[in-house]
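Q: Below: sequence and its predicted model.
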Amino acid sequence: MKKKITKFLMGFAALALFFAQYACAGSGAKSSSYNALTSDDFDGNYYEAAEEEAYYGDDYEYEYPREEKSGGGGMYSENDTDKDDDPNSDPVEPATLDEKLVYTCTMDMETTEYEETIAAIRALIDKYNGIIGYETYSDSAQNWYYSSYEKRSGTLTAYLVIRIPSKNYRAFLEGMEGHGKITRSEQSVENITRKYSETQTTIRSLETQEERLLEMMENAETIEEMLAIEDRLSEVQNELQIMKNRLAEMDTDITYSTVNLNVREVIEYTEDPESRHTLTFSDRLKNTLQDSWSMFTGFLEGLLFFLIRALPIMLVIGGITIGIMFIIMGIVKSSKKRNARKAAKNLPAAQADGTQTVSVPNTPEEQKK
């Protein structure tokens, strides 16, 4: 009995060893055939890889299989080295990234020759093929319409948003230095390479989804399937258009740098000779009387102008008031007449009944009688 059990166990072990060797051989053949494939054989999995890349961002790395070399096998690894390579050869330089940079400058400028400075800035913009995206001008002068008006401070200001080709950005800023006093200049550079690359990847993934949905639309068999695919296709196309617009905006920001320019007019300082004169008592009294008389005449002038402006309204209000008074007086008179007629009618009826009536005088003359 023991011998039979021993033979059975030895036979089972031999059978297990045979299957283990067969499995290893099949796995090795499968690995060798897998390693012999190139990236051209992965067309069926390319779309899934693109979707995963769009989901995980730039950190996602799709691992393509490496071609099998003589004397080696297995998957590609960063630690793999070619034994035939010369150890003294120069290392391979990494590829230079096409960085996407956005330049922005904010500048404040003061000038004593406002009109000439604005004209020079416009000429400089045309010289470097720039455009003005936004501009606004203002003048804060007050009482300029009086003949006695004298400009004592700068009142003109301008704000311009200038878009300059990035290749001419530095030259344009250097050219601005000769057209006024630059009181503030802030420059910044934003690197949007990663954002730009992520947007491109998202666009490629959405385009792939759009193609697959269009193919599914052609092969749909029921109306429910077509409606479901159409809804998803509409969402993908809308998102794709948004991504393309965002990419176009980034291309514009990269191609054209932005300069936010504030220009302010200033007046050249001159010393007032009258400021050195010391005022005496008589000067102060004279100035006070002049100021008082000016205030009084100004008050009368304002009152006169107010009455002139309000006269039409006052006439209308007065006419309406007089009309209302006449109407009220007419109503009172008619009411008295009606009362008198009623009293005259009631008097004969009272005498016929034998009752004595007492007349009540209505006027002061009747009361005296």
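A: The structure has been received and is ready for your questions. Numbering: from 1, shown residues only.
Q: Could I get the average pLDDT for the helix or strand containing residue 247?
A: Using DSSP states H and E, residue 247 maps to helix 223-255. If you average the pLDDT over helix 223-255, you get 93.
Q: Relative to the helix or strand just after that helix, what are the paired strands and their orientations?
A: Moving toward the C-terminus from helix 223-255, the next helix or strand (DSSP H and E) is strand 256-265. Strand 256-265 pairs in its sheet with strand 101-111 (parallel), strand 156-165 (antiparallel), by DSSP bridges.
Q: Give the next helix or strand downstream of strand 256-265.
A: Heading C-terminal from strand 256-265 (DSSP H and E), you reach helix 281-352.
Q: Give the other helices and strands that that next one contacts.
A: Judged by 3 or more C-beta pairs under 8 Å, 6 or more residues apart in numbering; DSSP states H and E, helix 281-352 has no packing partners among the helices and strands. All C-beta atoms are positioned from the backbone trio N, CA, C, and that covers glycine.
Q: quick revisit: quick check: buried residues in the helix holding residue 247?
A: For helix 223-255, the buried set under the neighbour-count rule, 16 or more other C-beta atoms under 10 Å, comprises 229, 233, 236, 240, 243, 247, 250, 253-254.
Q: Kindly report the same for stretch 131-144.
A: For stretch 131-144, it's none, nothing buried (16+ other C-beta under 10 Å).
Q: who touches it?
A: Outside stretch 131-144, the residues that touch it by C-beta atoms under 8 Å, 6 or more residues apart in numbering are 125, 149, 151, 155-163, 256, 258.
Q: mind running it again at 6 Å?
A: The contact list for stretch 131-144 (C-beta atoms under 6 Å, 6 or more residues apart in numbering) reads 149, 155-163.
Q: Send me it as CSV with only the CA atoms.
A: Taking C-alpha atoms only, stretch 131-144 is exported to CSV below (Å, rounded to 0.1, in the frame of the first residue of the first chain):
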residue,chain,number,x,y,z
ILE,A,131,-1.9,97.6,-32.0
ILE,A,132,-3.9,99.5,-29.4
GLY,A,133,-6.4,97.1,-27.8
TYR,A,134,-7.9,99.7,-25.5
GLU,A,135,-7.5,103.5,-25.0
THR,A,136,-9.2,106.2,-22.9
TYR,A,137,-8.4,109.9,-22.5
SER,A,138,-9.7,112.4,-19.8
ASP,A,139,-9.4,116.1,-19.0
SER,A,140,-10.1,117.1,-15.3
ALA,A,141,-9.9,120.9,-16.0
GLN,A,142,-12.6,122.9,-14.2
ASN,A,143,-13.9,126.4,-15.1
TRP,A,144,-12.0,126.3,-18.3
